[in-house]
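*Asks:* my questions are about this predicted structure, shown below with the sequence.
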Amino acid sequence: MPRAHPVPYAVAAALAAALLTAPAAGAAGAGAADGQIRIRDIQGDTRISPLAGEQVTGVPGVVTAVRAFGSARGFWVQDPEPDADAATSEAVFVFTGSTTPGVAPGDAVEVSGSVTEYYPGGKNAGLQSVTELTGATWTVLSSGNPLPGAFVLRDATVPARFAPDAGGGSIEDLRLRPGSYALDRYESLEGMRVAVRDARVVGPTTEFNELWVTAEPAHNRTARGGTLYAGYRDPNGGRLKVASLIPFAQRPFPVLDVGDRLDGTTAGPLDYDQFGGYELQATALGDERQTGPDPESTRPQRDAELAVATYNVENLSARDGAAKFDRLARALVDGLASPDIVALQEVQDDNGATNDAVTSADATLRKLTDAIAAAGGPAYEWRQIDPADDADGGQPGGNIRVAFLYDPERVSFTDRPGGDATTPVRVTDDGGTPALSASPGRIAPGDAAWNDSRKPLAGEFTFRGRTVFVVANHFNSKGGDQGLDSRFQPPARGSEEQRIAQAGLVNDFVRDVLAVDRKAGVVVAGDINDFPFSPAVARLTADHALVDLVNELPRDERYGYVFNGNSQVLDHILASPALAARADYDIVHLNAEYADQASDHDPSVVRLRP
């Protein structure tokens, strides 16, 4: 990519003066009071351009960066002479489609085109728009000019409050208050050169060559260097995605984990991305510094402790290569110290995403248990129920389900016939002792709450003469929810309603067990797909039926999943009060914080004394 060459201040001043007085080229279009449209007139002081849909001509600025790849090519142009209004951005993206624009950073240009509001993912996706010039033509006035200085994002410049509250409505028409809200600050800088310095990585490098950093390194910091998402009111406004405009042959994109750093300055135009928030399109990348912690392992359970773990194995099928099975096996053996019982999520059928009538997962589970044994772990057995074909959501054809692994040398499983894809399990009273009508059995599989979603699996285990009921779960996903940086604030969480209903059914089941014996041992484990502070988890723990054990950890350790730079909890282990009183819970960080991961979830484990 061509680089700008520094020129003396006098030349820069002359350029600015020329841009202020340069005549507009081309046909007449919308004009400012002095007859010259400037970028700030296009951007305005709200999220929507006051000139949207109009043609503008002869808009002056300096090219700061070029996107020369993909189907959304173009360049950013910024006015070197900003006004005094912090709400109005001084830059705009000029969209050229699949055509590589013939400009270079440092070119002084005049641009004409149509003012357009582009909604990534379509307007119905609920995201914010990007103001662009489309159908553009331009004239290069001179080259080699200095680039405008980058606005430095840091604690002092990113407000603590995230977004204005519009009662769930759109914030598009509200005047930007960049000194009050983080989202307004970013929008007021749309397209402009911004920078972060000595930035800590809070979201690992992805397969799409992106990572997340924070401009507020002290805010909600986790014990291992991430940023904790601890409540709806604080989505952590300092998070920022970083991509690169530098050709990979010149500078490969850094592969970094949470807790690592980009030392020095990372700078480039500020863009908005349909897959998550504001994005710094780097023309300069800081130096990679690997300072993040190593993957964790937990302690082994003692003889009198029952170890129950949960692990989302991310669409595991028998068709996956040996490398994935080996890594999952090492995590279970070395990371989790071979738990007695494991609740698995996202176990696919034997041919994975092939969409046919196959629903059995025996080959998948056999391949996993063989890998565990080869890694030095126990000879696990498994229990599960095949779902009805294509009825439980997930990847089409994959038939994902939850399943149990258990170590028969440490625990025994009570097999009781009658459990299948559609028959609900019931709690029976055997002379004051609770029991399951079928083991394993599915909880209320015909209820509408489980439509297109995984059904919970209940199993009856015995450990040192004590019965423990374990429920493996994978609640419906957050798909369809409005993003944290949506133009609707606060964003709607439409998927939550189904999870609340699912939580109510599991809570009812647990209370049925406790109604027979209030001191019964019950463990509810799995990917609940919601936060400890969510209404769904509140419904799950209602009437003191269950204790969410994540709340027993120090606050800065309460996470096992990293999404868009937020370290958060989706996977939970909950226990009935009798078990929770003597529980030792641990989230084992070995996946979510790392660019190289066997699953996007960290597993967790609890040691109990039934």
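*Replies:* Good, I have the coordinates.

*Asks:* how close does residue 557 get to residue 401?
*Replies:* Note on residue 557: its distance to residue 401, by CB to CB, to the nearest Å, is 30 Å. Any C-beta I mention is one placed from the backbone N, CA and C, and that applies to glycine too.

*Asks:* these two - which one has more neighbours?
*Replies:* Shown here are residue 557 and residue 401; by other CB atoms under 10 Å, residue 401 has more neighbours (27 against 16).

*Asks:* measure the closest residue to the more buried one other than its chain neighbours to residue 399 for me?
*Replies:* In space, and not counting its chain neighbours, residue 401 is closest to residue 387: 5.3 Å by CB to CB, 6 or more residues apart in numbering. Distance from residue 387 to residue 399, counting by CB to CB: 5 Å.

*Asks:* check residue 307 too.
*Replies:* From residue 307 over to residue 399 (counting by CB to CB), the distance is 29 Å.

*Asks:* tell me which of the two has more neighbours.
*Replies:* residue 399 (31 against 26).

*Asks:* which pLDDT value belongs to the more buried one?
*Replies:* Confidence at residue 399, expressed as pLDDT, is 98.

*Asks:* might one say that the residue nearest to residue 401 is in contact with residue 421?
*Replies:* Yes: under the criterion of CB atoms under 8 Å, residue 387 makes contact with residue 421 at 5.4 Å.

*Asks:* following the worst-scoring helix or strand of the chain on mean pLDDT, which helix or strand shows up next?
*Replies:* Ranking every helix and strand in the chain by mean pLDDT, DSSP states H and E puts helix 9-21 at the bottom, with a mean of 35. Per DSSP states H and E, the first helix or strand lying C-terminal to helix 9-21 is helix 39-43.

*Asks:* same for that next one, what does it pack against?
*Replies:* If you count contacts as 3 or more CB pairs under 8 Å, 6 or more residues apart in numbering; DSSP states H and E, helix 39-43 packs onto strand 55-67, strand 91-97, strand 130-142.

*Asks:* who are the packing partners of whatever helix or strand comes next after the last one?
*Replies:* Spelled out, that is strand 130-142. Downstream of strand 130-142, the next assigned helix or strand under DSSP H and E is strand 151-152. The contact analysis (3+ CB pairs under 8 Å, 6+ apart) places strand 151-152 against strand 193-203.

*Asks:* can you point out the buried residues in the longest helix seen in the chain?
*Replies:* In the chain, assigned by DSSP state H, the helix with the most residues is helix 496-516. For helix 496-516, a neighbour-count test (16 or more other CB atoms under 10 Å) marks 496, 498-507, 509-514, 516 as buried.

*Asks:* can you show me the strands along the stretch 151-300 of the chain?
*Replies:* Applying DSSP state E, counting those that start in this stretch to the stretch 151-300 of the chain gives strands spanning 151-152, 193-203, 211-214, 239-244, 261-272, 278-282, 287-289.

*Asks:* between the ones you listed, which one is nearest to residue 382?
*Replies:* strand 193-203 (33.5 Å; CB to CB).

*Asks:* and the closest one with strand 239-244, angle?
*Replies:* Angle, strand 193-203 to strand 239-244, by axes from the mean of the first three to the mean of the last three CA atoms, to 10 degrees: 110 degrees.

*Asks:* mind checking how far strand 193-203 is from the chain centre?
*Replies:* 18 Å (CA atoms, centre = their mean, to the nearest Å).

*Asks:* who does that strand touch, helix- and strand-wise?
*Replies:* On a contact count with 3+ CB pairs under 8 Å, 6+ apart, strand 193-203 meets strand 151-152, strand 211-214, strand 239-244, strand 261-272, strand 561-563, strand 566-568.

*Asks:* show the subsequent helix or strand relative to the last one.
*Replies:* If I follow you right, that is strand 566-568. Counting by DSSP H and E, what follows strand 566-568 is strand 571-575.

*Asks:* now the angle from that following strand to helix 496-516?
*Replies:* 20 degrees.

*Asks:* for strand 571-575, what is the average pLDDT?
*Replies:* Mean pLDDT, taken over the full extent of strand 571-575, equals 98.

*Asks:* now stretch 36-49
*Replies:* 97.

*Asks:* quick one: end-to-end distance for that stretch.
*Replies:* 16 Å (CA to CA, to the nearest Å).

*Asks:* same thing with stretch 173-182?
*Replies:* End to end - CA to CA - stretch 173-182 spans 17 Å.

*Asks:* any idea how far that stretch is from the chain center?
*Replies:* With CA atoms, centre = their mean, you get 25 Å for stretch 173-182.

*Asks:* can you give me the helices for this structure?
*Replies:* Under DSSP H, the chain gives helices at 9-21, 39-43, 182-188, 322-330, 362-374, 496-516, 535-540, 577-580.

*Asks:* buried residues in the shortest one?
*Replies:* By neighbour count on 16+ other CB under 10 Å, the buried set for helix 577-580 is 578, 579, 580.

*Asks:* what of the fifth one?
*Replies:* Across helix 362-374, burial judged by 16+ other CB under 10 Å covers 364, 365, 367, 368, 369, 371, 372.

*Asks:* average pLDDT across it?
*Replies:* 98.

*Asks:* and the contacts of it?
*Replies:* With contacts defined as CB atoms under 8 Å, 6 or more residues apart in numbering, helix 362-374 is touched by 313, 316-318, 322, 325-326, 328-329, 332-333, 338, 347-350, 378-382, 384, 403, 405.

*Asks:* give me the nearest residue to residue 566, chain neighbours excluded.
*Replies:* residue 229 (3.8 Å).

*Asks:* so how far is residue 264 from the one you found?
*Replies:* Residue 229 is 28 Å from residue 264, by CB to CB.

*Asks:* neighbour count: these two, which is higher?
*Replies:* residue 229 (26 against 16).

*Asks:* burial of residue 405, as a residue count?
*Replies:* Neighbour number of residue 405 under other CB under 10 Å is 25.

*Asks:* and for residue 143?
*Replies:* 16.

*Asks:* now swap in the one 10 residues further on and tell me
*Replies:* Burial of residue 153, expressed as a neighbour count using other CB under 10 Å, amounts to 27.

*Asks:* residue contacts, it?
*Replies:* Residue 153 touches 194, 195, 196, 215, 238, 240, counting by CB under 8 Å, 6+ apart.

*Asks:* fine by me, thanks again.
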